[in-house]
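Attaching a predicted model along with its sequence, questions to come.
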Amino acid sequence: MLAQSLPSGANTLPVQIQIGTMVYPVYTRTGNLLRADQIRCRRVYPIIFGSDPNHFSMLCCVPNTVYTPTAPTVPTVEVLED
């Protein structure tokens, strides 16, 4: 159960679970990082722990996120002609 409120401004930040000093990422059923805009406070979400690498995964479907990753920049290579 998500009992604590989400920080204001969390928007599309990745969700993480902290146990002691360890911080674990949380993934959706499709393998993407769970984002703060996909979950709500005071709701029950079934999750499981995975160990390769250590993480948590949602067992239920969640709404799509509005997060849009930035496109990677590809370095340009100048070709010199003889």
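Yep, it's here. Residues are numbered from 1 along each chain as shown.

going forward, measure contacts between C-alpha atoms and count neighbours the same way
Noted.

check contacts around residue 64.
Going by Cα atoms under 8 Å, 6 or more residues apart in numbering, residue 64 touches residue 38.

And the pLDDT at it?
Per-residue pLDDT puts residue 64 at 87.

How about residue 30?
At residue 30, pLDDT is 91.

Need the nearest residue in space to the most centrally placed residue in the chain, chain neighbours excluded.
Geometric centre of the chain, nearest residue: residue 33, 2.5 Å, by Cα atoms, centre = their mean. Using Cα to Cα, 6 or more residues apart in numbering and skipping residues adjacent in sequence, the residue nearest residue 33 is residue 27, 4.4 Å away.

Would you map the strands across this structure?
16-19, 22-27, 47-51, 54-58 (DSSP state E).

Any chance of a markdown table for the ones you listed, columns mean pLDDT and distance to residue 2?
Conversion of the strands of the chain to a markdown table gives the following (pLDDT from 0 to 100; distance: least, Cα to Cα, whole Å):
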| stretch | mean pLDDT | distance to residue 2 |
| --- | --- | --- |
| strand 16-19 | 92 | 11 |
| strand 22-27 | 95 | 13 |
| strand 47-51 | 93 | 11 |
| strand 54-58 | 94 | 12 |
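
quick one: which of the ones you listed is nearest residue 4?
strand 16-19 (11.8 Å; Cα to Cα).

Alpha carbons only: can I get that closest one in CSV?
The C-alpha trace of strand 16-19 is given here as CSV (Å, rounded to 0.1, in the frame of the first residue of the first chain):
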residue,chain,number,x,y,z
GLN,A,16,12.0,4.1,-6.0
ILE,A,17,11.6,2.1,-2.8
GLN,A,18,14.1,2.6,0.0
ILE,A,19,14.7,-0.1,2.6
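
Mind listing what's buried along that strand?
residue 16 (16 or more other Cα atoms under 10 Å).

State the distance from the closest residue to residue 6 other than its chain neighbours to residue 10.
Closest residue in space to residue 6, ignoring its immediate chain neighbours: residue 41 at 6.7 Å, by Cα to Cα, 6+ apart. Counting by Cα to Cα, to the nearest Å, the gap from residue 41 to residue 10 is 13 Å.
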